[in-house]
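1. Sequence plus predicted model, see below.
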Amino acid sequence: MLAQRTRLFASSGTAAARAAAKAASDAGKEVIDLTAGEIWSDLAPSIREGALAAIERGENRYTDTVGLRELREALAAKVSRETGQVWHTDEIAVTSGAKQALFNAAMVLLDPGDEVIIPSPYWTTFPAQVLIAGGRPVHVDTRASGFVPRPQELERAITPKTRAIVINTPSNPTGAVYDQITLEHIANLAIRHDLWIIFDECYGAFAHAPHVHHPIVSLVPEVRSRTVIINAYSKTLALTGWRIGYMAGPKSVIDAAKALQSHTTSNPNVIAQHAVLEHLQRGDGSYERRLSDQLAQARRLGLDILSRQTLAPLPSAQGGFYFYLDLGSLLDIGPGSATPRSADDAVNALLAEAGVAGVSGSAFGDHMGLRLSYGITHDKLALGLERLVETFESWTKASRNVA
Ligand code: PLP
């Protein structure tokens, strides 16, 4: 008999999509997998060297629960540069990926019954962690406003029980980059209603020009005392498997997170910590520039191919590395057609008919969305999207014939 708590969550929808792609591939189908929340890339040389040197030195032992002091110092300097404010080492905790930083934040900020506003479509882990922490996710639909919430709609969702708001910019899955004015409104709302802001900027390094990523505390410094910044090297350095993330926030939050982490995972992997430290001390930015260029090229290539289909509007893909398509037009197709009528059906049909795997928006609270990752090699991306365009066009034609 399992605990009641297990009814609050299921394995994430993105993991399920990856598993479906793998099962099809294991069954002998040639699959182009566009489900991945990670970037295909070589290791940054400084990361490789930092890790090897740490192994050679025999760095085998526990570190401080929330990370090596030198690493927290380097991260405090990084956050200071990015926000234009001075951050101290005791305002930083190193975590096993951004996921742990978010989990720490939910566990130390929420009481049972507290409501947390999460704009939707949302990354699937946000509501899951709020539920695990005993809170209640409250979603604000952003589909009619370019995937950026309207401040007045956020304000309407606030009740006396609201404790926090989750902001993820650039957004997974939608690729939206929040503009400066919206962020200022959100910051002021949080101050007026005494809310925490959980500010996930894991994709902050990938805002595609002319869009710019703004850390919310740099726009409204007074919001800093109620903001927890969440970030990681998973995306920025294509290091998903190394599990290094961090949270930056008021010392009281970091102290509580440290106590919690001391009873859960203790410190993140020591070799990975040394590798990231080496990168922060010696990296010259060239690896990051190469990664950004690679993604910018993939984005252009992908948008060019996607512009040849007529089923879904061209996604704006302002940041991150996802195309988020609105398949709402499938709903207009009359009865009698074999064409899919929902994103779930479309994802299954794409895998079966075209060997292309994507993630259905139902994983993100949007039953008509489709997320396609462009973090893979350009040749695979082109092949996958060309097949997708062909399949979409065949659906469009079939639906016209039925009509
Ligand atoms: N936050 C967002 C918005 C993400 O998309 C992800 C991963 O996909 C994470 C956090 C978790 O990142 P990590 O792998 O560092 O735990």
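-> Received the coordinates, thanks. If you're wondering where the values come from, they're calculated on a predicted model, not measured in any experiment. Numbering: from 1, shown residues only.

2. pLDDT weak spots in this protein?
-> 334-336, 401-403 (pLDDT under 70).

3. Can you say which helix or strand has F199 in it?
-> strand 196-200 (DSSP states H and E).

4. my guess is E30 meets A354, correct?
-> No. Look at E30 against A354 with CB atoms under 8 Å: they stay out of range, at 10.3 Å. The C-beta positions use only the backbone N, C-alpha and C, and glycine is treated the same way.

5. Compare those two (neighbour count), which wins?
-> A354 (19 against 8; other CB atoms under 10 Å).

6. Quick check: that one vs the ligand, distance?
-> From A354 across to the ligand, the span is 25 Å (CB to the nearest ligand atom, to the nearest Å).

7. In this model L388 seems to touch that residue, though I could be wrong.
-> Yes. In this structure, A354 is within contact of L388 by CB under 8 Å, at 6.1 Å.

8. What residue in the stretch 1-150 of the chain comes nearest to the ligand?
-> G97 (2.7 Å; CB to the nearest ligand atom).

9. Can you give me the neighbour number for that residue?
-> Neighbours of G97 (other CB under 10 Å): 22.

10. Just want the phi and psi numbers for R7.
-> phi -80, psi -10 (degrees, to the nearest 10).

11. mind listing the strands for the chain?
-> 32-33, 92-95, 115-120, 136-141, 162-168, 196-200, 227-232, 245-248, 322-326, 356-357, 359-360, 369-373 (DSSP state E).

12. Tell me the buried residues in the last one?
-> Using 16 or more other CB atoms under 10 Å as the burial criterion, the residues of strand 369-373 that qualify are 369-373.

13. For it, name the packing helices and strands.
-> Counting contacts by 3 or more CB pairs under 8 Å, 6 or more residues apart in numbering; DSSP states H and E, strand 369-373 is packed against strand 322-326, helix 343-354, strand 359-360, helix 378-402.

14. Is it possible to get a markdown table of these that adds distance to A248?
-> Putting these into a markdown table (distance: least, CB to CB, whole Å) gives the following:
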| stretch | distance to A248 |
| --- | --- |
| strand 322-326 | 25 |
| helix 343-354 | 35 |
| strand 359-360 | 29 |
| helix 378-402 | 34 |
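
15. Would you report the backbone torsion angles of the residue in the stretch 301-403 of the chain positioned nearest to the ligand?
-> Here the stretch 301-403 of the chain gets closest to the ligand at one residue, G320, 7.9 Å apart by CB to the nearest ligand atom. Main-chain torsions, G320, degrees, to the nearest 10: phi 70, psi -150.

16. pretty sure it contacts F206?
-> Yes. The criterion here is CB under 8 Å, and G320 meets it with F206 at 5.4 Å.

17. Tell me which of those two has more neighbours.
-> For G320 versus F206, neighbours defined as other CB under 10 Å are more numerous around G320 (31 against 25).

18. The strand holding F199 to strand 115-120, inter-axis angle?
-> 30 degrees (axes from the mean of the first three to the mean of the last three CA atoms, to 10 degrees).

19. which residues are in contact with strand 196-200?
-> 98, 102, 105-106, 109, 116, 123, 163-169, 186-187, 190, 215-217, 223, 226-231 (CB atoms under 8 Å, 6 or more residues apart in numbering).

20. could you redo the last one with a cut-off of 6 Å?
-> 105, 109, 164-168, 190, 216, 226-230 (CB atoms under 6 Å, 6 or more residues apart in numbering).

21. Now narrow those to whatever sits close to the ligand.
-> N168 (CB under 6 Å from any ligand atom).

22. Most neighbours among the contacts of strand 196-200, which one is it?
-> That'd be A105 among the contacts of strand 196-200, by other CB under 10 Å, with 28 neighbours.

23. hey, what's the closest residue to that one other than its chain neighbours bridged with?
-> Closest residue in space to A105, ignoring its immediate chain neighbours: V228 at 4.8 Å, by CB to CB, 6 or more residues apart in numbering. Counting by DSSP bridges, V228 forms beta bridges with I198.

24. thinking V228 is in contact with N104, fair?
-> No. At 8.7 Å, V228 does not count as touching N104 under the criterion of CB atoms under 6 Å.

25. which residues of the stretch 151-300 of the chain fall in helices?
-> For the stretch 151-300 of the chain, the helices defined by DSSP state H, counting those that start in this stretch cover 151-157, 180-193, 216-219, 233-236, 251-263, 270-282, 286-306.

26. who touches the fifth one?
-> The set of residues that contact helix 251-263 without belonging to it, under CB under 6 Å, 6+ apart, is 65-66, 90-91, 93, 104, 107-108, 228.

27. Now do the closest residue in space to H185 that isn't next to it in sequence against H213, distance only.
-> Leaving aside its sequence neighbours, H185 sits nearest to P151 (CB to CB, 6+ apart; 3.7 Å). Separation of P151 from H213 (CB to CB, to the nearest Å): 19 Å.

28. tell me the contacts of L75?
-> 92, 246.

29. how much space between it and L277?
-> 9 Å.

30. follow-up on the earlier one: out of the helices and strands packed on strand 369-373, which one sits most buried?
-> Mean neighbours per residue, mean count of other CB atoms under 10 Å, is largest over the helices and strands packed on strand 369-373 for strand 359-360, with a mean of 29.

31. Please list the residues of the protein that sit near the ligand.
-> 37, 97-99, 123, 168, 172, 200, 202, 232, 234, 240, 245.

32. and the two most separated of the residues you listed?
-> Comparing all pairs in the residues of the chain next to the ligand by CB to CB, the longest separation belongs to N168 and T240, at 16.9 Å.

33. burial of V86, as a residue count?
-> Quick note: V86 (other CB under 10 Å) scores 10 neighbours.

34. Let's test this: what are the backbone torsions at it?
-> Torsion angles, degrees, to the nearest 10, at V86: phi -90, psi 120.

35. need the contact list for it.
-> V86 neighbours (CB under 6 Å, 6+ apart): S80.

36. can you pull the contacts of S399?
-> Counting by CB under 6 Å, 6+ apart, S399 has contacts 333, 337, 339.

37. Out of the strands of the chain, which gets nearest to A51?
-> With CB to CB as the yardstick, what comes closest out of these is strand 92-95 (15.5 Å).
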